[in-house]
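In: Only the shape, not the letters, is given here:
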C-alpha cells in the first residue's frame, strides 16, 4: 500500500513527490543533484518508513532536508 504525504514535496525540476514511493524513486534516481549526507539519511529513513520502522512524517521531513541540501527544494 502506497503511503501518501499530507502535502507533496515540490522540487525545482518540476516534480511533485506526493508519496513515499515517489520519494524513494527520486532519492534513488542517479539524476538527484547532490548526494550529500542528508540524501543518504533521507533514503535510509524512507526505506525504514516503508518497512514500518519510522513514521511517514519523518520520511517527508528527511526528503525535504535532502532536497534543500541539493538546492532542489522549491520555495
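Out: Received, thanks. From a predicted model like this one, the values you see are computed outputs, not experimental measurements. Numbers count the residues shown, from 1 in each chain.

In: Any figure for the gap between residue 5 and residue 30?
Out: When distance is defined by C-beta to C-beta, to the nearest Å, residue 5 is 23 Å away from residue 30. Glycine gets a C-beta too; all of them are placed from N, C-alpha and C.

In: repeat for residue 71
Out: 17 Å.

In: quick one: residue 69 and residue 36 touch, right?
Out: Yes - using C-beta atoms under 8 Å, residue 69 is in contact with residue 36, at 5.0 Å.

In: who has more neighbours, these two?
Out: residue 69 (18 against 12; other C-beta atoms under 10 Å).

In: ok, now which ones touch the closest residue to residue 59 other than its chain neighbours?
Out: The shortest distance from residue 59 to any non-neighbouring residue, by C-beta to C-beta, 6 or more residues apart in numbering, is to residue 49 (4.0 Å). Neighbouring residues of residue 49 by C-beta atoms under 8 Å, 6 or more residues apart in numbering: 3, 20, 55-56, 58-59.

In: Show me which of those residues are buried.
Out: Buried by 16 or more other C-beta atoms under 10 Å: 20, 56, 59, out of those.

In: can you point me to the longest strand in the protein?
Out: strand 4-10 (DSSP state E).

In: neighbouring strands for that one, and are they parallel or not?
Out: With DSSP bridges as the test, strand 4-10 is paired with strand 16-19 (antiparallel).

In: host element of the residue nearest to residue 59?
Out: For residue 49, the element it lies in under DSSP states H and E is helix 37-50.

In: got the contact list for the helix or strand that that helix is followed by?
Out: From helix 37-50 onward toward the C-terminus, using DSSP H and E, the following helix or strand is helix 56-69. With C-beta under 8 Å, 6+ apart as the test, helix 56-69 has contacts from 3, 5-6, 9, 11, 17, 20, 23, 26-27, 34, 36-39, 41-43, 45-46, 48-49, 73.
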